[in-house]
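[1] Quick one, fold the following:
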Amino acid sequence: MRRAGAIGLALLLALATPAGAQIEPRTTLPDIEDEVMCPVCGTTLELASEAPQANRQRELIRGLIAEGKTKDEVKDELVAEYGPEILAVPDTEGFDLVAWLAPGGAIVAAGVAIVVGLRRWRRDAAADREAAGTEPAMSAADTERLDADLRRYEP
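    Numbering: from 1, shown residues only. You can find the predicted model right below:
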């Protein structure tokens with residue numbers, strides 16, 4: 001009987017919750033500290049020293065969390081108060097998109113340069129081997145002189 005009551009209660013709770021509603025986990029100070037900057041230190045808030053500004057910012061974040069704000073809402077409040085420079089991670093649109101794309105582009109460009117360099121190096125090495133095989137042989141006079149020199153040093 002208890003089991004049926006528990007199943008009925010679970011079904012009732014499942015039906016009472018809207019289908020599209022997702023329960024967002026409660027945010028904490030450490031969740032946000034690594035994503036926002038201290039305006040005085042220029043480092044992330046988690047690495048910021050015990051500067052008064054860093055402590056005020058932490059208190060502001062704690063207060064917003066106590067109000068039940070989500071992580072994104074807290075970050076929006078910080079941007080409204082301190083400006084977009086407060087975020088440690090750049091936006092993914094506009095000019096800030098370059099901060100995401102530039103490192104990837106540099107890696108691709110370096111890879112292409114390495115491939116091109118290796119192909120040239122191999123082509124040049126093959127050309128050198130080919131050229132070495134087509135050099136003219138020694139003349140008959142040079143061959144005879146070399147043989148005479150070698151005979152002088154034989155025991």
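[2] so the residue nearest in space to the middle of the chain, which of the three states?
    Centroid check for the chain by C-alpha atoms, centre = their mean gives Pro103 as the closest residue, at 7.8 Å. Of the three states, Pro103 takes helix under DSSP: H, G, I helix; E, B strand; the rest coil.
[3] Mind pulling up the pLDDT for it?
    At Pro103, the model reports a pLDDT of 86.
[4] could you point out which element follows the helix or strand where Arg123 lies?
    Using DSSP states H and E, Arg123 sits in helix 97-133. Following helix 97-133 in sequence order, the next helix or strand is helix 140-152 (DSSP H and E).
[5] Which positions within that following helix qualify as buried?
    By neighbour count on 16 or more other C-beta atoms under 10 Å, the buried set for helix 140-152 is empty. Every C-beta, even on glycine, is put in place using the N, C-alpha and C of the backbone.
[6] can you give me the mean pLDDT across that helix?
    On average, helix 140-152 scores 92.
[7] swap in stretch 125-134?
    The pLDDT scores in stretch 125-134 average 71.
[8] quick one: least confident helix or strand in the chain?
    helix 2-16 (a mean of 56; mean pLDDT, DSSP states H and E).
[9] tell me which strands and helices the helix or strand that that one is followed by is in contact with?
    The helix or strand immediately downstream of helix 2-16 is helix 29-33, counting by DSSP H and E. If you count contacts as 3 or more C-beta pairs under 8 Å, 6 or more residues apart in numbering; DSSP states H and E, helix 29-33 packs onto helix 52-66, helix 71-82.
[10] Centre of the chain to helix 29-33, how far?
    21 Å (C-alpha atoms, centre = their mean, to the nearest Å).
[11] I'd like the average pLDDT over that helix.
    83.
[12] Please parse the protein into its domains.
    Domain assignment for the chain, taken from automatic domain parsing, gives 23-89, 96-152.
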